[in-house]
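Peer 1: Structure for this input, please:
(2 chains)
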Amino acid sequence: MNFKQYILVCGGTGCESSKSDEIYRNLLSAAESKDVKSDVQILKTGCFGLCEKGPIVKVLPDESFYVHVKPEDATEIIEEHVIKGREVKRLLYDTSDSKANKAMENLDFYQKQFRIVLRNCGVINPEDIDEYIARDGYAALSKVLSEMTPDDVIAELKISGLRGRGGAGFPTWLKWNLTKEVESDQKYVVCNADEGDPGAYMDRSTLEGDPHSLIEAMAIAAYTIGADYGYIYIRAEYPLAINRLKIAMEQARGYGLLGKDILGSGFNFDLEIRLGAGAFVCGEETALIASLEGERGMPRPRPPFPSVKGVFGKPTVINNVETWANVPVILHKGGKWFASIGTEDSKGTKVFALTGKINNSGLVEVPMGTTLREIVYDIGGGIKDGKKFKAVQTGGPSGGVITADYIDTPIDYASLQKLGSIMGSGGMIIMDEDDCMVDVAKFYLDFTVDESCGKCAPCRVGGKTMLHLLEGITKGKGTMDDIEKMKKIALGMSKASLCGLGQTAPNPVLSTLRYFEDEYLAHIQEKRCPAGKCKDLTVYEIISDKCIGCGLCARRCPVSCISGEKRQPHVIDQEKCIKCGECYSVCKFEAVSKK
Amino acid sequence: MSTVNIKINGIPAEVEAGSTILTAARKAGFKIPTLCYHPDLPAWASCGICVVKIEGSPKMLRACAATVSEGMSVITQDPEIHEIRKTVLELILSTHPNDCLQCLRNGQCELQTMAADFGIREVPFEARVQEIPRDESSCSIVFNPQKCIKCGRCVNVCQQLQDVWALEFIGRGDGTRMAGAGDVVLNETPCIKCGQCSAHCPVGAIYEVDETHKLLEAIHTPDLHVAVQIAPAVRVAIGEAFGMEPGEITTGKIYAALRRLGVDAVFDTNFAADLTIMEEGTEFVSRLTKGTGAIPLITSCCPAWTDYMEKYFPDMIPHFSTAKSPMMMQGAVTKTYYAQKANIDPAKICSVAIMPCTAKKYETRRSDNMQSSGYNDVDFVLTTRELARLIKAQGIEFTKLPDEKADSPIGMYSGAGTIFGNTGGVMEAAIRTAYNLITGKNLEKVEVDAVRGMEGVKRGAINVDGTEVRVAVAHGMANVRDLMKEVQQAREEGKEPPYHFIEVMACRGGCIAGGGQPYFTTDEVRRKRVEGIYKDDEASTVRCSHENPEIIEIYKDFLGSPNSHTAHQYLHTEYVPRPLYRK
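Peer 2: Model (predicted):
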């Protein structure tokens, strides 16, 4: 069928939760009722990345990029754009008439991005294998099975310089080769799709937007290491991704790309989805294996590494979603091509989930070596409300902060590590001047303490004890001795915890201590929170010179601790104040100070 | 044995390939401290105390889990390692109640010893003890989660060594705790009361139900005739509580200690072990030669095993020997035969058993057959650990006691009775007598090597007058499942049973390593206790149950013949399928 126009509706979880599915259905019925069904094809795609502006609808070939679309806009899009050929200007991201500015790739947000992992997200219908194939999908698998030996694959991966995107950055070729070299009657490949860092959703979007890339990559790995079975371990909280994976697997089986004798090569490979129950620790590979085997998701000592003793005690390659998604492209376009992108020690691109106090929150994929400044200002559009950039947390709860002083640091494995953070899986949370760094450390530690599996003592007890110390500090009960205690616990945890969760849990604390010690000292010695974030340390006072005695604050105060005569300056009873900040926000005369 | 060359703290050492750093270091004279590790179990690696450095590696490894490799250079001790271990220990201590003086494990606690070794004088971290109530639902085991340090030994013993799955981890993070499977109280779980959890717990979090006060009360009750029996395995282990070597035979000293405690009559369960052989041996021969019951015959003297079978393999009930355990037989004849002979009103007899086992506490009430005398055949059971504590508390210097004799007419035993205490012993004792029952003559060599040793499942064939009798012996509950499956499969396929006679003991090594035995049992200790048992057998003038004069006498005077009506009334029982979970 020859369509004149195409409408792509973002079907990522973010947009779906803002009713993009309803938009999609409304578009379909509008096209139906206006009888233009044969002129326009309406498709649901994966995530476009610019989640801040979602739900997103894109119309081709005009390249019109509609943002913040509502279900009730559907009819207008069909009537105006499809039928009359007039763009719905009010929905355009960029309202200028210039064609050059309007196209998605010309938006600032996309200009500095380089999409390998997300190459198909927002472009193809993830529920249609033909669209994946049309964009060179399964070409790599076909090439591998017909032209390459396992050693060729390893060699190509080695040339590409691909390193694991799950956190530690272990060279992928080496991991595959170790598994390949172990003799065993049975081997497995596993996809770690148990993404759990706060604010991170790179993997979810990849799974939702391009599930076949994963299937293709895993089949290639299985062929390389000598496995015939694989598992995708995915958290149950990703229903859309799970559903699309299921559809993709079914379609792949139908096309003979999964199952027996794939592409007539004699190679057999099939996949199974295993659902995680939402424990963060199951993203740790040994805990993932335990969970996959039906055991309680608790880490096991390493060595032995999964490459030697993995799923059901058999040699296993485990990679995370993003790593997998790179593989077909590398084998299709060649390791050399991939290695030309990025820096000396970090090749290719990295996907980040940009969140926090940033204008364009969303998914971005940039070449390794892109500076933080480019990500925050050029792509991210700068800090919200014109506030000052303070720091960015990379590596999630296992990482640390990078401050304004280091904003020109190129993002690669080594540079981040040097600054006391890590690449991690790609969470990037931007903080501004209103963020208290002690509070930030507390937030992350609270997360890891909550997610600790409880198996090993250093993590189980150390984390909780450290969290209590931090809580004390944010309540003004901290002592200088507490800092020493936290450092002592941090050493114990980082060296004696069984898995990466416990070993890296103190990082946010150590990192904020390193760059923002003054904030800790302010909390401890002056009993003051410089950012005004820690409630217990915040004091609200009425500036008598400014107060006109309107009484609004007194009426709004939930504990009635503000008193004063009409038209006379009021006073806050500090004993009773619960620091809710209501007076501060309702005062029209800036007569309430927050210190 | 292939070896690798490593360096431990700079000192070259040639160690067994594949051994853990912990084992290699201990052989080279460096003791790496451990808390969660137990040699009976695969490394669980939870405590984090045994961390060591490997030269050239930024990460520290757990010595209990990491294996040595050629050229490895291990550092087991330096100021940083010490600091890290101490911090971890302090963190653990901050969650542990500070009431050592009132604790059952005082003086025998691995955490306490470690705190002493590290010279802990104060804990710099806030005290946070979990407020979880004690679980006293079981008649055998008490679980005090407050004291638990989450080392995981109990759970792993229960799941891996015993295949019972009555214990598990519940919750996560700081809220992690060990609890009955499905978070129900112990008595409602599939627990078989073997007590291995209590024997492996490094602290006072799981322990036997303490009934020592009952013995003291009984002794001090006027007109109550206190008769105590001691199990085969107790004699080679209790000495350890008094600084003696494992395996030292202390039978005479235990008799003497009991008398000094004020007990009226001292008997030996070994006597009833001989009685068991007479009953069970006869039952076996009858099933084998006359087809009076299911083959294979499976031993039933281990109450943890019978409980397991009733829960996990109820279809095997017809295979079980109906003969009661020696303890219950001894109790029954104490309140009948002995009461008549000594002219004591059985109502005035308090029958007590000293056992290596916590499940024996349960066995005394497991069915109505346990009151065959018209009273509780056994009133209560103390474990070896409890008796040792009582002896200490009563100021009896055990090692200095003379060797005394047991009382008649139910105190004499044969070598066959004593070997009931270890794996393979019941089988061997039964073979000695069954051979005689079938052939009319005694074995030339009474030792049956095929059923001896520590292998989890032992299989053998014994030539009885030209007939091959196939036997199998399993110990450690996890070794039983496969054996039972073999029998089930043959039955389903209508094939000849793979065995004629199977012995099962729930605990690894048998009763000598029962859940109520002195702490710190390892394979090394098991081996020594087993040696002690066989030494006791060899030193016996009578080696076969049917030749024990007091056994001959009791059949003549009271029971008639083995498997007689009277014997069935007092010495046999039955089994019923039981649900895994009570609720």
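
Peer 1: what secondary structure does whichever residue of the stretch 51-200 of chain A sits closest to chain B sit in?
Peer 2: In the stretch 51-200 of chain A, no residue comes nearer to chain B than A:Ala168, which is 11.0 Å away by C-beta to the nearest C-beta. C-beta: built from backbone N, CA, C; applies to glycine. At A:Ala168 the chain is in coil, as set by DSSP: H, G, I helix; E, B strand; the rest coil.

Peer 1: quick one: the helices in the stretch 251-400 of chain A?
Peer 2: Secondary structure of the stretch 251-400 of chain A, counting by DSSP state H, counting those that start in this stretch: helices at A:285-292, A:321-333, A:335-339, A:372-373.

Peer 1: hmm, who's touching the last one?
Peer 2: The one in question is helix A:372-373. Applying C-beta atoms under 8 Å, 6 or more residues apart in numbering or on different chains, the contact partners of helix A:372-373 are A:Val392, A:Ile402, A:Tyr406, A:Ile407, A:Asp408, A:Thr409, A:Ile411.

Peer 1: Report the contact partners of the nearest residue to the third one once chain neighbours are set aside.
Peer 2: It stands for A:Tyr406. Distances taken as C-beta to C-beta, 6 or more residues apart in numbering or on different chains place A:Leu419 nearest to A:Tyr406, at 5.8 Å, with adjacent residues excluded. Counting by C-beta under 8 Å, 6+ apart, A:Leu419 makes contact with A:Gly400, A:Ile402, A:Tyr406, A:Thr409.

Peer 1: circling back to that earlier point, now that the residue of the stretch 51-200 of chain A closest to chain B has come up, it's in contact with A:Gly500, right?
Peer 2: Yes - at 7.5 Å, A:Ala168 and A:Gly500 qualify as touching, with contact defined as C-beta atoms under 8 Å.

Peer 1: Can you pull the residues of chain A lying near chain B?
Peer 2: For chain A, the contact set with chain B under C-beta under 8 Å from any C-beta of the partner chain comprises A:279, A:296, A:298, A:300-301, A:303, A:449-458, A:460-465, A:468, A:485, A:488-489, A:491-492, A:495-498.

Peer 1: Could I get the phi/psi values of the residue of chain B found nearest chain A?
Peer 2: The nearest approach of chain B to chain A comes at B:Thr176, 2.7 Å away (C-beta to the nearest C-beta). Reported as degrees, to the nearest 10, the phi and psi values for B:Thr176 are phi -60, psi 140.

Peer 1: burial of the residue lying closest to A:Phe267 once chain neighbours are set aside, as a residue count?
Peer 2: Closest residue to A:Phe267 apart from its sequence neighbours, by C-beta to C-beta, 6+ apart: A:Tyr223 at 5.5 Å. By the criterion of other C-beta atoms under 10 Å in any protein chain shown, A:Tyr223 has 23 neighbours.

Peer 1: ditto for B:Asn343
Peer 2: Neighbours of B:Asn343 using other C-beta under 10 Å come to 6.

Peer 1: I'd like the distance between it and B:Thr67.
Peer 2: Distance, B:Asn343 to B:Thr67, using C-beta to C-beta, to the nearest Å: 67 Å.

Peer 1: residues near A:Asp345, how many?
Peer 2: Using other C-beta under 10 Å, A:Asp345 has 14 neighbouring residues.

Peer 1: For the residue nearest to A:Pro306 when sequence neighbours are not counted, give me its contacts.
Peer 2: Among residues not flanking A:Pro306 along the chain, A:Thr316 sits closest, at 4.5 Å (C-beta to C-beta, 6+ apart). If you count contacts by C-beta under 8 Å, 6+ apart, A:Thr316 has them with A:Thr179, A:Lys187, A:Tyr188, A:Val189, A:Val190, A:Ile289, A:Pro306, A:Ser307, A:Gly310.

Peer 1: Now with 10 Å, please.
Peer 2: Applying C-beta atoms under 10 Å, 6 or more residues apart in numbering or on different chains to A:Thr316 gives the contacts A:179, A:182, A:184, A:186-190, A:225, A:227, A:230-231, A:285, A:289, A:292, A:305-310.

Peer 1: Now which of those would you call buried?
Peer 2: A:179, A:182, A:184, A:187-190, A:225, A:227, A:230-231, A:285, A:289, A:292, A:305-310 (16 or more other C-beta atoms under 10 Å in any protein chain shown).

Peer 1: overlap in contacts of A:Ala168 and A:Gly500?
Peer 2: Common neighbours of A:Ala168 and A:Gly500 (C-beta under 10 Å, 6+ apart) are A:Glu285, A:Ser398.

Peer 1: Could you check which of the two has the larger neighbour count?
Peer 2: Comparing A:Ala168 with A:Gly500 by other C-beta under 10 Å, the one with more neighbours is A:Gly500, at 20 against 15.

Peer 1: Wait, the more buried one touches A:Phe170, no?
Peer 2: No - A:Gly500 is beyond contact range of A:Phe170, at 11.9 Å (criterion: C-beta atoms under 10 Å).

Peer 1: what do those two both touch?
Peer 2: Shared contacts of A:Gly500 and A:Phe170 (C-beta under 10 Å, 6+ apart): none.

Peer 1: in chain A, what residue is nearest chain B?
Peer 2: Closest point on chain A to chain B, by C-beta to the nearest C-beta, is A:Gly454, at 2.7 Å.

Peer 1: ok, now which ones touch that residue?
Peer 2: Contacts of A:Gly454 (C-beta under 10 Å, 6+ apart): A:281, A:296, A:298, A:460-461, A:463-464, B:46, B:150, B:169-177.

Peer 1: Ramachandran coordinates for it?
Peer 2: According to degrees, to the nearest 10, A:Gly454 has phi 90, psi 0.

Peer 1: ok, and the closest non-adjacent residue to it?
Peer 2: B:Thr176 (2.7 Å).

Peer 1: OK, contacts around the one you found?
Peer 2: Residues near B:Thr176 by C-beta under 10 Å, 6+ apart: A:298, A:452-455, A:460, B:46, B:130, B:148, B:150, B:152, B:169-170.

Peer 1: Show the buried residues in those residues.
Peer 2: Applying 16+ other C-beta under 10 Å to the contacts of B:Thr176 flags A:298, A:452-455, A:460, B:46, B:130, B:148, B:150, B:152, B:169-170 as buried.

Peer 1: Pick out whichever of these sits closest to A:Asn125.
Peer 2: In terms of C-beta to C-beta, no member of these lies closer to A:Asn125 than A:Cys453, at 38.9 Å.

Peer 1: Need phi/psi at that closest one.
Peer 2: Dihedral angles of A:Cys453 (phi, psi; degrees, to the nearest 10) stand at phi -80, psi -20.

Peer 1: again, but for A:Gln5
Peer 2: Residue torsions, per degrees, to the nearest 10, at A:Gln5 are phi -140, psi 160.

Peer 1: what do you get for B:Leu167?
Peer 2: Dihedral angles for B:Leu167 - degrees, to the nearest 10 - are phi -120, psi 150.

Peer 1: again with A:Ser563
Peer 2: A:Ser563 adopts backbone torsions of phi -140, psi 160, taken as degrees, to the nearest 10.

Peer 1: burial measure for it, as a count.
Peer 2: 12.

Peer 1: again, but for B:Ala472
Peer 2: Counted with other C-beta under 10 Å, residues neighbouring B:Ala472 total 23.
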